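In: Need a 3D model of the sequence below.
(one chain, ligands or ions: 1)
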Amino acid sequence: MKIVAGRASQVLASRVAAALGCELLPCEFRVFPDGELYTRVASTETLNDESVAIIQSITSDTDFVCLLQLIEACEGLDASKISVIIPYLGYARQDKRFKSGEPISVRALARCIFADEAFVINPHSEKALRYFENARSVKVLDAAMLLGEHLRVQAKDVELIVAPDDGAAALAATAADHAGVEYDVLEKTRLSAEEVEIKPKALDVAARSVALVDDIVSTGGTIVRATTLLKELGASEIYVACVHAVLVPGAALRMFNAGVKEIIATDTLETIFSKVSVAKLIAKELA
Ligand code: R5P
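Out: Sure, this is the predicted structure:
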């Protein structure tokens, strides 16, 4: 098997290739003067009926185009089997029509992906999987245990994992299991038309070191709200651990200003907070 590194997943793809002892095929990416992307799997004339794994996160429209181009290029090079690994699947938050006339954006993207198999790491909604109509198989890979293990080894003072909402509860539960600590979920209760109370469902956070665990951190708004609340309830330290650090400009600063001690993320998106690699998770599936 050969590994193709999409332009959004260069480091992760190199790690997967190293973990598998496979050749990493260099690619060429350029932007034409009109903004279109030029992509080329540059290192070979043919894949000679070898299988190939393309690793490319979708963080932007161009990343999506790049993934489609790489799939087509590998078809053109006569790959015998094409595996597509999407570490971060953008557009997965628009997984239904919230208002009539809206697209199911993740469906629009997913059904363009023709592959023998597809793997997605912690998609925002597992509903997304049903839209990979043109992949022979599709599977979710869960990075929660890696976050939990990292917290156990590198953030030994963490005593409690908290999910900022129900959507992150399963992730927090698995991470807590692997970190060897308890977990809780922040619950919103409407007291009146004007008043909402948010607090942990069951556990006391006072004087405890807490890790907030979520799938995506984008603007940081969810984490800032949760951090402010946990600080008011007396939490001593707040760590943030997420799978996908989308981090729009200013997000990290907002979280640190709110009192976050450390941000820990995986390398599904390559940022300075990528302290946990999902390479082995991917390599295990491809081996
Ligand atoms: C929401 O359902 C997700 O799990 C995240 O909590 C959300 O996407 C985080 O976004 P932001 O950082 O912009 O609050």
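
In: Please see if stretch 176-193 touches the ligand.
Out: No. Residues of stretch 176-193 are not located near the ligand by C-beta under 6 Å from any ligand atom, the shortest gap being 10.8 Å. All C-beta atoms are positioned from the backbone trio N, CA, C, and that covers glycine.

In: Can you tell me what sits against that stretch?
Out: Contacts to stretch 176-193, defined as C-beta atoms under 8 Å, 6 or more residues apart in numbering, come from residues 144-149, 151-152, 158-166, 168-169, 172-173, 175, 196-203, 205, 211, 213, 226, 229.

In: again, but for stretch 242-259
Out: Residues outside stretch 242-259 that contact it (C-beta under 8 Å, 6+ apart) are 59, 88, 121-122, 143-144, 147, 171, 213-221, 223-224, 227-228, 231, 238, 240, 263-266, 268-269, 271, 273-274.

In: Likewise for stretch 121-135?
Out: With contacts defined as C-beta under 8 Å, 6+ apart, stretch 121-135 is touched by 84-89, 92-93, 95-96, 104, 106-107, 109-118, 120, 138, 140-144, 171, 215-216, 243-244, 266, 268, 278, 281-282.

In: of the residues you listed, buried ones?
Out: The neighbour-count test (16 or more other C-beta atoms under 10 Å) applied to the contacts of stretch 121-135 identifies 84-89, 92, 95, 104, 106-107, 109-110, 113-115, 117-118, 120, 138, 141-144, 171, 215-216, 243-244, 266, 268, 278, 281-282 as buried.

In: Now, the contacts of stretch 121-135 that are in helices?
Out: Counted as lying in helices by DSSP state H, out of those, are 106, 107, 109, 110, 144, 171, 281, 282.

In: Tell me the residues on the protein that lie near the ligand, please.
Out: Counting by C-beta under 6 Å from any ligand atom, the chain sits next to the ligand at 164, 167, 168, 214, 215, 216, 217, 218, 219, 220, 221, 222.

In: Would you list the buried entries among the residues you listed?
Out: 164, 168, 214, 215, 216, 217, 218, 220, 222.

In: where does the stretch 151-287 of the chain have low pLDDT?
Out: Scanning the stretch 151-287 of the chain for pLDDT under 70 picks out the ranges 196.

In: ranges for the helices of it?
Out: Using DSSP state H, counting those that start in this stretch, the helices found in the stretch 151-287 of the chain span residues 169-179, 221-232, 251-258, 279-286.

In: Make CSV out of the ones you listed and add distance to residue 189.
Out: Listed next are the helices of the stretch 151-287 of the chain as CSV, based on distance: least, C-beta to C-beta, whole Å:
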stretch, distance to residue 189
helix 169-179, 16
helix 221-232, 13
helix 251-258, 22
helix 279-286, 36
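
In: and among the ones you listed, the most buried is which?
Out: helix 169-179 (a mean of 21; mean count of other C-beta atoms under 10 Å).

In: From the contacts of stretch 176-193, list the buried ones, please.
Out: Taking 16+ other C-beta under 10 Å as the criterion, what is buried in the contacts of stretch 176-193 is 144, 146-148, 151-152, 158-164, 168-169, 172-173, 175, 200, 203, 205, 211, 213, 226, 229.

In: residues touching the nearest residue to residue 10 once chain neighbours are set aside, list them.
Out: The shortest distance from residue 10 to any non-neighbouring residue, by C-beta to C-beta, 6 or more residues apart in numbering, is to residue 270 (7.4 Å). By C-beta under 8 Å, 6+ apart, the residues touching residue 270 are 8, 9, 10, 11, 12.

In: Now do the residue nearest the centre of the chain against residue 160, distance only.
Out: For the chain, the residue nearest the mean C-alpha position is residue 244 (3.5 Å; C-alpha atoms, centre = their mean). If you measure residue 244 against residue 160 using C-beta to C-beta, to the nearest Å, the figure is 23 Å.
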